[in-house]
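Peer 1: I need the structure of the sequence given here:
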Amino acid sequence: MSFTLTSPVTGGAQTGLTTPTYTIAADTAPTSAGKQYAVTALGGTQTGVDTSSTPSKPFTVTLSRPTVLRTLSAVDPVTGALRSVPRNVYTIRVRKGVIPLVGQAAVPMQIVTSIEVPAGADSADAANIRAALSLMIGSLNQISASIGDTAVTGVI
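Peer 2: From the prediction side, this is the model:
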């Protein structure tokens, strides 16, 4: 599987975090079609942030692909059109234990990115798949701090 992170991971810009980095170590993924990494150390200035410490307070990133990759069905012999186009869904999930109220137990928050690639497009249109991912990742990187501000303030 090509999903491989190298340590440390440089974090995106966020209000209140200065040059954030995350030292990661291989962890046990929930399925055999995935890889998981746990944050074991922090770099930069991240006051109040903690590493993956307990099951209730994880700080992990999980990268996964479909257990079984789907392929295209045959073209309808009468219409010449595909009968259906299944999707292969790749997922990137970050879990981070957060405290909902001072004095209360941590609850894991989740950030899930789902990449749904129509079967067959991987070979018929790879350049446009890569372009879509490039735009998505570039957009998230460009507005990283704004996304964080919105998640904290509720103002978009």
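Peer 1: drop to CA atoms for contacts and neighbour counts, all remaining ones
Peer 2: OK.
Peer 1: quick one: distance of stretch 66-82 to the chain centre.
Peer 2: Distance of stretch 66-82 from the chain centroid (Cα atoms, centre = their mean, to the nearest Å) equals 28 Å.
Peer 1: now do stretch 55-62
Peer 2: 13 Å.
Peer 1: bridge partners for R93, pull those for me.
Peer 2: In this entry, R93 is beta-bridged to T62, V112, by DSSP bridges.
Peer 1: how about it, what does it touch?
Peer 2: Contacts for R93 (Cα atoms under 8 Å, 6 or more residues apart in numbering) come out as 61-63, 110-113.
Peer 1: which residues does the lengthiest helix in the chain contact?
Peer 2: Identified as the longest helix of the chain according to DSSP state H is helix 126-142. Helix 126-142 has contacts (Cα under 8 Å, 6+ apart) with 12-13, 117, 121-122.
Peer 1: would a markdown table of the residues you listed with neighbour count and distance to A41 be doable?
Peer 2: Listed next are those as a markdown table, based on neighbours: other Cα atoms under 10 Å; distance: Cα to Cα, whole Å:
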| residue | neighbour count | distance to A41 |
| --- | --- | --- |
| G12 | 17 | 16 |
| A13 | 17 | 18 |
| V117 | 15 | 34 |
| A121 | 16 | 39 |
| D122 | 14 | 36 |
